[in-house]
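Everything below, folded, please.
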Amino acid sequence: MKFLDLFAGIGGFHLGMEQAGHTCVGWVEWDKFARQSYQAIHNVKGVWNASDIRTVRASELPRADCWCFGFPCQDISVAGKQKGFTAGKRSSLFFTVTGLIRDLEEEDRPSYLLIENVKNLLSINRGLDFLKLQIELDEIGYDVEWSVLDSAEVVPQHRERIFIVGHLRGRRT
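Numbers count the residues shown, from 1 in each chain. As a prediction, the model looks like this:
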C-alpha cells in the first residue's frame, strides 16, 4: 500500500507503515529540524515532499492508498490554551487536509485515513470539536472508528492518544 505522511515530524507513522510493508510516496513537514531528521532517518531521496501543508495543492499530491497524519495538537492539548478547532490556528490545519481531499476526484481519494492526536480531542469544547471532525469526515465520504491507546501498554511512559481510522465509503477495503 502507498501512503502519504502529513505533519510528518521525524516520521513515526513512516516507520510503522514501512515496517508493515507499505511504501511512502510523499511527506509534508514544516519544521526544518524535523525535516532534516526525517531525511536522515528515512530513505526519501526522490520522494515527493513539501514543507507547508497550507501551500500544497491537491493536484500536486502523489496518489496514495492511505494518508497518515497527526495534525497539530497545541490548541487541543490540556497542556495548551485549549482553543480547539474554532479559535485555534494550528489544530484547525485538520481542515486543510480535508480540503485537499475535497479537491480530489473520488477515484483519487485515499481509501484510508490514519489520524492521531491527543486524548483531549474527545472532550475539547465539551466534545463539539470531535463531533465537527466526525461530521467533516462524513461529508467527504469517510466512515470512522477510533480508540484511545496508552503507550504504557508497550513502553514505560504513560501517554494516551486517540487513533482514528477513516474508511472511504463505497470502496471495498
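
Show me what the least confident helix or strand in the chain by mean pLDDT packs onto, helices and strands only.
Least confident helix or strand of the chain, by mean pLDDT, DSSP states H and E, is helix 84-87 with a mean of 76. Under the contact criterion of 3 or more Cβ pairs under 8 Å, 6 or more residues apart in numbering; DSSP states H and E, helix 84-87 touches helix 128-139. Glycine gets a C-beta too; all of them are placed from N, C-alpha and C.

ok, so what distance separates the residue located most distally from the centre of the chain from D150?
What lies farthest from the middle of the chain is P156; by Cα atoms, centre = their mean that is 25.0 Å. For P156, the distance to D150 (Cβ to Cβ, to the nearest Å) stands at 12 Å.

contact partners of whichever helix or strand comes after the least confident helix or strand of the chain?
Downstream of helix 84-87, the next assigned helix or strand under DSSP states H and E is helix 94-102. By Cβ atoms under 8 Å, 6 or more residues apart in numbering, the residues outside helix 94-102 that reach it are 6, 53-54, 56-58, 61, 67, 69, 71, 85, 109-110, 133, 136-137, 140.

Now do the contacts for the residue nearest to the spatial centre of the chain.
Compute the mean C-alpha point of the chain, and by Cα atoms, centre = their mean the closest residue is F69, 1.6 Å away. Contact analysis of F69 by Cβ under 8 Å, 6+ apart lists 5-7, 13, 97, 113-116.

Strands of the chain, residue ranges please.
2-6, 23-28, 48-50, 66-69, 112-118, 142-150, 160-168 (DSSP state E).

And the contacts of F69, which is closest to R172?
L113 (16.6 Å; Cβ to Cβ).
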